[in-house]
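Colleague: Okay, sequence plus prediction incoming.
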Amino acid sequence: MRFLNHTLPNGLEVIAECNDEANTSAVGFFVKTGARDETDEVSGVSHFLEHMVFKGTPSRSAEDVNREFDEFGAHYNAYTSEEQTVYYAAVLPEYVRPTVELWADVLRPSLRTEDFTTEKQVILEEIKMYEDQPPFGGDDRIRATHFGKHPLGRSVLGTIDTVGALDVEQMRAYFQQRYSPDNIVLAAAGKIDFEDLVKTAERACGAWQRTDAGRVVERAVGQTGFECVHKEAATQEYVIQLADAPAVADDDRVAAKILTTIVGDDSGSRLYWELVDPGIAEHASLSHHEYFGSGVYITYLAQDPEYAEKNLQAVLAIYREVEKHGVTAQELSLAKNKLASRIVLGSEKPRGRLFVVGANWTYRREYRTVKDDLALVDSIQLDDITQVLKRYPLSKSTTLAIGPLKKLKAPK
Amino acid sequence: MSSQIFTHTFDNGLVLLAEPMESLESAAFTLRVPGGNAYEPADRAGLATLAQELAIRGCGSRNNRQFVEDLDNLGVERGESVFDSHASYSGATLARKLTPALEIFADLVQRPTLPDDELEACKMTVLQEISAIEDEPSQKVMLELRRQHFPDPWGRPSHGSEQGVVSTSIADIRQFVARTYQPRGAILGVAGRVDWDQLRCDVERLFGKWKAQPELTITERPAGDRVTHIAHESNQTQIGIAYPSVAYRDKDYFQAWGAVGVLSGGMSSRLFTEVREKRGLCYSVFASQTTLRDRGSVICYAGTSAERAQETLDVTLGELRRLKEGVLPEELARLRARMKSALVMQQESSSARSGSLVRDYYYLGAPRTMEETNRLVDGLTADSINAYLTANPPQQFTIVTLGSQPLKVDANAIS
């Protein structure tokens, strides 16, 4: 297992974890742009652009793009988050070169007006689909409340109105500014010939013009508040809470991961035993999400409306209890075993390693082996958990409930 | 790619399958016992899921909490589900922790406590799952499609019905578990870093004394309506379509698989191209092959805004009917490329492999190596698929829609 990296003259970085034993390869272009880089006028443009990338280039139609990926037997897709747009593919090793060439070509898309108009319909359908599903847009709404004017409060999808009003010129301008080679990392994992990967990148991306995309990162200070949104058609009541948590570069982010495993993992956690095991919540979890400069703990509850008030009170009591007394040595050891097993299971596939290696580099400019990650998890002590709770308490949060209830009492 | 599958049938009927995967650190298992919902009495819909919920709440000397903690300590990523034919328990962890994990599941299937005082919590859990489906329109339409399309008991939703769950007693569950959590018809598949001889000894020790019960039987009842609309207040209309195909064990299965792959394998496939890419009608549209032991079906889904739903249904049905005009060699070539890489990728996941071992055995009555699957896919030609499609054109559709307005279905579609 070797880690290698190289920067092209135009700023595009190429990184790879090369594993000669692997039988498959995974490659991805990590573009450092997302909802946080948008303005009100173009809300949703990053995600819409991610769709438009598949619509063709001066030398390829949309059908060519889809056809060629399928000819390579590629298992490929893309996603957009608050701060990244990632294009990735898992392939057999002999297809790495043509797959990178194809991604490189489509990442300079034509953005034709006619395709823009058709694809807008697909995006509007996607927005409507999410509006019909839990939590019925509640996730975007609480993000806006919690982060206020901070860019992390922006919606990835945008709304029917903002996407509906977008024109292709706005997207072209956004693309020009954000898809600069110095804002992109080409990452690879599995069986990779690094020399050939760099040569391919030079050939396929070397002519990309640098526009110095950049991004100003300010730490967000989360709001606190409580809101109950009435949704007549819903059957269950859904509750989301956001609280400030460690960011990507904070040392206590691993302690936060272990803390949320102990308190709110899907199974065997404090929330599980208190709410899910007795059957009073259909779902109850706490997780940690990290961004540049900020992070959030996300609590998510789904339950029969009649239990919502009691469950919210119980969650607050659990959070206060752990803030006051910390966690036990036995809980810490269980959580470490769970996480260690997840790290190893997740690392067996190159397509699993791609996202870990890519995120470590784009977020922290570091390379970590599986062993490094296991050692880091193992190093966390009870006091680290106490410290992270002091800096980032779970109970200081913004809450949003959405469902059939018209009113819901805030817990005390 | 080279793989070897070991098989052993114990005296009590339990089948053990194993595929060593030397390149991995992990090992995974899938244990299926015949506690599926096809064996529920009609007025106890949800019994199989309740039995599973209760079975994980204590076994051997462990109570509910010890069961979860012991597995967490072993780092087992676990999952449970109920199918028509089986209740399934699966897990993956570091290879050296496999045997201790199997010990726990040996207790679960042979010595479940089935504690009376946990039944109420189990019922509440399952009732909440039933309510939650009301908020997931795409899931709801597909559940209803299965219910209408398949002869009962094959289209039953795993969580059952509110009525069935409420009516189920602890005695019902104990009786169901005694009858169906048995080695006859049970299959244990293991994949990953394992040693076959050692594994076989361990499984003999852990499951060898499990006592067989009388064989289970099923009585079928006819399928439901061909066209159903469910009124639902939502932005989008959900469309589910099913039609008969062949079973996994049928000699023509891969011909049918190839035809569905042309419809919906990869982003260059017909449904994605015609419905989403060219017309922008929806975000999600797909078709897939599904199988029972002795017959198969194709299941399709599309979700779109109410005002575009009629066009989406018409275009989708049009593509299904157009299949009989034939597939092209280049469409098959793309499908084959995707399948080849998918098979190699499956070799990187012990969980995926252990699940496939068990499914293949159940549907075929014998294991199937990846080389054999590869060979079967290699044997396909556009001509062979087209001959199959001429003899078996997509027809006799079952259609379920969910949304604010019903759609018009042309009478030819269902005949």
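Modeller: Sure, I can see it. Numbers count the residues shown, from 1 in each chain, chains lettered A, B, ... in the order given.
Colleague: Assign a three-state SS to the residue lying closest to A:Gln303 once chain neighbours are set aside, would you?
Modeller: Once flanking residues are discounted, A:Gln303 sits nearest to A:Ala281: 4.4 Å by Cβ to Cβ, 6 or more residues apart in numbering or on different chains. Placement of C-beta: from N, CA and C, glycine included. Assigned by DSSP: H, G, I helix; E, B strand; the rest coil, the conformation of A:Ala281 is coil.
Colleague: what does A:Gly28 give?
Modeller: Assigned with three-state DSSP, A:Gly28 falls in the strand class.
Colleague: pretty sure it is touching A:Leu354, no?
Modeller: Yes. Using Cβ atoms under 8 Å, A:Gly28 is in contact with A:Leu354, at 5.4 Å.
Colleague: How about the backbone phi and psi for the residue nearest to A:Gln303?
Modeller: Dihedral pair for A:Ala281: phi -130, psi 140, per degrees, to the nearest 10.
Colleague: Surely it and B:Gln128 touch.
Modeller: Yes. Proximity of A:Ala281 to B:Gln128 meets the contact threshold set by Cβ under 8 Å, at 7.5 Å.
Colleague: Look at these two and report which has more neighbours.
Modeller: Higher neighbour count among A:Ala281 and B:Gln128: A:Ala281, with 30 against 22, using other Cβ atoms under 10 Å in any protein chain shown.
Colleague: hmm, back to that, if I look at A:Ala281 and B:Gln128, which residues touch both of them?
Modeller: A:Ala302, A:Gln303 (Cβ atoms under 8 Å, 6 or more residues apart in numbering or on different chains).
Colleague: Per-residue pLDDT of the residue lying closest to A:Tyr174 once chain neighbours are set aside, please?
Modeller: Sequence neighbours aside, A:Val45 is the residue nearest to A:Tyr174 in space, at 5.0 Å (criterion: Cβ to Cβ, 6+ apart). Here the pLDDT value assigned to A:Val45 is 98.
Colleague: on that earlier part again, roughly how far does the residue nearest to A:Gln303 sit from B:Val166?
Modeller: The gap separating A:Ala281 from B:Val166 is 20 Å, by Cβ to Cβ, to the nearest Å.
Colleague: What does the residue lying farthest from the centre of chain B show for phi and psi?
Modeller: In terms of distance from the mean C-alpha position of chain B, B:Glu307 ranks first, at 32.9 Å (Cα atoms, centre = their mean). For B:Glu307, the backbone dihedrals are phi -70, psi -20 (criterion: degrees, to the nearest 10).
Colleague: Also B:Ile239?
Modeller: For B:Ile239, the backbone dihedrals (degrees, to the nearest 10) come out as phi -120, psi 130.
Colleague: Who is it paired with across the strands?
Modeller: B:Ile239 has these beta-bridge partners by DSSP bridges: B:Ala302, B:Thr401.
Colleague: That one against B:Gly303, yeah?
Modeller: Yes. The criterion here is Cβ under 8 Å, and B:Ile239 meets it with B:Gly303 at 7.0 Å.
Colleague: where do the contact lists of A:Gly28 and A:Leu354 overlap?
Modeller: Common neighbours of A:Gly28 and A:Leu354, using Cβ under 8 Å, 6+ apart, are A:Tyr88, A:Ala187, A:Ala188.
Colleague: Check for me that the last one belongs to a helix.
Modeller: No. Note on A:Ala188: no helix contains this position according to three-state DSSP, which reports strand.
Colleague: residues near it, how many?
Modeller: A:Ala188 has 28 neighbours, counted by other Cβ under 10 Å.
Colleague: Point out the residues in the stretch 201-350 of chain B that sit beside chain A.
Modeller: Contact residues, the stretch 201-350 of chain B versus chain A (Cβ under 8 Å from any Cβ of the partner chain): B:233-236, B:265-269, B:272-273, B:276-284, B:303-305, B:333-335, B:337-342, B:344-345, B:347-350.
Colleague: Just the residues you listed: which are in strands?
Modeller: B:Gln236, B:Ser284, B:Gly303, B:Thr304, B:Ser305 (DSSP state E).
Colleague: Could you identify which of those has the most neighbours?
Modeller: B:Thr304 (32 neighbours).
Colleague: residue contacts, it?
Modeller: So B:Thr304 contacts A:Glu125, B:Gln236, B:Thr237, B:Ile239, B:Leu281, B:Cys282, B:Thr312 (Cβ under 8 Å, 6+ apart).
Colleague: Export those to JSON lines and append columns for distance to A:Ser285 and pLDDT.
Modeller: Listed next are the contacts of B:Thr304 as JSON lines, based on distance: Cβ to Cβ, whole Å; pLDDT from 0 to 100:
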{"residue": "A:Glu125", "distance to A:Ser285": "28", "pLDDT": "95"}
{"residue": "B:Gln236", "distance to A:Ser285": "27", "pLDDT": "95"}
{"residue": "B:Thr237", "distance to A:Ser285": "31", "pLDDT": "97"}
{"residue": "B:Ile239", "distance to A:Ser285": "32", "pLDDT": "98"}
{"residue": "B:Leu281", "distance to A:Ser285": "35", "pLDDT": "95"}
{"residue": "B:Cys282", "distance to A:Ser285": "30", "pLDDT": "93"}
{"residue": "B:Thr312", "distance to A:Ser285": "35", "pLDDT": "97"}
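Colleague: Need the max-distance pair from these.
Modeller: A:Glu125 and B:Ile239 (12.8 Å; Cβ to Cβ).
Colleague: quick one, what contacts the residue lying closest to B:Asp152 once chain neighbours are set aside?
Modeller: Spatial nearest neighbour of B:Asp152, chain neighbours left out: B:Arg221 (4.3 Å); criterion: Cβ to Cβ, 6+ apart. The contact partners of B:Arg221, by Cβ under 8 Å, 6+ apart, come to B:Pro151, B:Asp152, B:Pro153.
Colleague: Ok, B:Leu74 next?
Modeller: The contact partners of B:Leu74, taken as Cβ under 8 Å, 6+ apart, are A:Asn337, A:Ser341, B:Thr93, B:Lys97, B:Pro100, B:Ala101, B:Ile104.
Colleague: mind listing the helices for the stretch 251-400 of chain A?
Modeller: A:253-264, A:270-271, A:308-325, A:329-347, A:350-364, A:370-379, A:382-391 (DSSP state H, counting those that start in this stretch).
Colleague: residue nearest the centroid of the chain?
Modeller: Picked chain A for this. Taking Cα atoms, centre = their mean, the centroid of chain A lies closest to A:Ser81, which sits 5.2 Å from it.
Colleague: wrong one, chain B
Modeller: Centrality entry for chain B: nearest residue to the mean C-alpha point is B:Phe83, 6.6 Å, by Cα atoms, centre = their mean.
Colleague: what's near enough to touch that residue?
Modeller: B:Arg32, B:Gly36, B:Asn37, B:Ser158.
Colleague: before we move on, what about A:Phe355?
Modeller: Contacts of A:Phe355 (Cβ under 8 Å, 6+ apart): A:Gly28, A:Val86, A:Tyr88.
Colleague: hmm, back to that, are any of the contacts of B:Arg221 buried, and which?
Modeller: B:Asp152, B:Pro153 (16 or more other Cβ atoms under 10 Å in any protein chain shown).
Colleague: From the shared contacts of A:Gly28 and A:Leu354, pick the one nearest chain B.
Modeller: The shortest approach to chain B among the shared contacts of A:Gly28 and A:Leu354 belongs to A:Tyr88, at 13.5 Å (Cβ to the nearest Cβ).
Colleague: In the sheet, which residues pair with that closest one? Tell me.
Modeller: In this structure, A:Tyr88 bridges to A:Gly28, A:Asn77 when assessed by DSSP bridges.
Colleague: I'd assumed A:Glu50 was in contact with it.
Modeller: No. Under the criterion of Cβ under 8 Å, A:Tyr88 makes no contact with A:Glu50, lying 11.7 Å away.
Colleague: Name the residues contacting each of those two.
Modeller: Any residue near both A:Tyr88 and A:Glu50 by Cβ under 8 Å, 6+ apart counts here, and that gives A:Ala78.
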